[in-house]
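K.L.:
give the three-dimensional model of this entry:
(2 chains)
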Amino acid sequence: SQKIEQNSEALNIQEGKTATLTCNYTNYSPAYLQWYRQDPGRGPVFLLLIRENEKEKRKERLKVTFDTTLKQSLFHITASQPADSATYLCALEEKRSARQLTFGSGTQLTVLP
Amino acid sequence: GAVVSQHPSRVICKSGTSVKIECRSLDFQATTMFWYRQFPKKSLMLMATSNEGSKATYEQGVEKDKFLINHASLTLSTLTVTSAHPEDSSFYICSAVLAGGTDTQYFGPGTRLTVL
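P.N.:
Residues are numbered from 1 along each chain as shown, chains lettered A, B, ... in the order given. Prediction:
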């Protein structure tokens, strides 16, 4: 069966450290993998998209890696701040889909001051 | 740019009534919009894909007669929950894809539906 797993439901880290979130998938052939941020009671906000032929993408303090052999994406936030506290969702778009996304269950990140 | 709005942000209704939720792309045209629902501490579950000028495509297990979707223009899609019941209480979120753009989905702020 198909699964997208974000294997930490919650993650607490100290301010200034690097947060690393994991997204693993099985039985998918993703064309893209995307990461979103969601605050309580709000819709997701797009952060980064990485294609199947890309290994790494960066945007300011954010970095995403994509390993299609391991079927895994890692999402890093460097120099984390309390304002980074939120739920982070990974989402896959399959090659056969019509721009449809399948979401993981999310990791709730708390950055402690 | 790429702002999506939803109206209303919260609605409380009585069991048996119908509720309409609007999703608008404010500064771009969207040929495709998606409707999701989300339960507390759970992920987004895709309900249907809405294409402008054609019938929506529903995911398995989603009743099309209960969740009516209309995508009448390139900037507006509506979701009507008909004969709502308490189990329909949820957070409903729409997203829109920029016409002619990449596959990035831009999400609305969500609508909290509570059915009494």
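K.L.:
so what's the closest residue to chain B within chain A closest to, chain neighbours aside?
P.N.:
Of all residues in chain A, residue A:43 sits closest to chain B, at 3.7 Å by Cβ to the nearest Cβ. Yep, even glycine has a C-beta here, placed from its N, CA and C like the rest. Leaving aside its sequence neighbours, residue A:43 sits nearest to residue B:107 (Cβ to Cβ, 6 or more residues apart in numbering or on different chains; 3.7 Å).
K.L.:
got the contact list for stretch B:97-110?
P.N.:
Identification of contacts with stretch B:97-110 by Cβ atoms under 8 Å, 6 or more residues apart in numbering or on different chains yields A:31-32, A:34, A:36, A:41-46, A:49, A:93, A:99, A:101, B:2-6, B:9, B:23, B:25, B:28-34, B:38, B:74, B:91-96.
K.L.:
end to end, how far does it reach?
P.N.:
Terminal residues of stretch B:97-110 are spaced 16 Å apart (Cα to Cα, to the nearest Å).
K.L.:
what's the mean pLDDT across that stretch?
P.N.:
For stretch B:97-110, the mean pLDDT works out to 83.
K.L.:
buried residues in that stretch?
P.N.:
Within stretch B:97-110, the residues that qualify as buried are B:97, B:98, B:103, B:104, B:105, B:106, B:107, B:108, B:109, B:110, counting by 16 or more other Cβ atoms under 10 Å in any protein chain shown.
K.L.:
in strands, which of the residues you listed appear?
P.N.:
Those of those mapping onto strands are B:97, B:98, B:105, B:106, B:107, per DSSP state E.
K.L.:
what separation do you get for the residue in chain B positioned nearest to chain A and residue A:5?
P.N.:
Chain A sits closest to residue B:107 of chain B, with a gap of 3.7 Å, by Cβ to the nearest Cβ. When distance is defined by Cβ to Cβ, to the nearest Å, residue B:107 is 22 Å away from residue A:5.
K.L.:
likewise residue A:24?
P.N.:
5 Å.
K.L.:
give the helix, strand or coil label for the residue nearest the centre of chain B.
P.N.:
The structure's chain B has its C-alpha centroid closest to residue B:35; by Cα atoms, centre = their mean the separation is 3.7 Å. With DSSP: H, G, I helix; E, B strand; the rest coil as the basis, residue B:35 sits in strand.
K.L.:
what sits closest to it if chain neighbours are left out?
P.N.:
Residue B:35's closest residue in space is residue B:47 (Cβ to Cβ, 6+ apart), at 4.6 Å.
K.L.:
surely the one you found and residue B:57 touch.
P.N.:
No - the criterion here is Cβ atoms under 8 Å, and residue B:47 misses it with residue B:57 at 10.2 Å.
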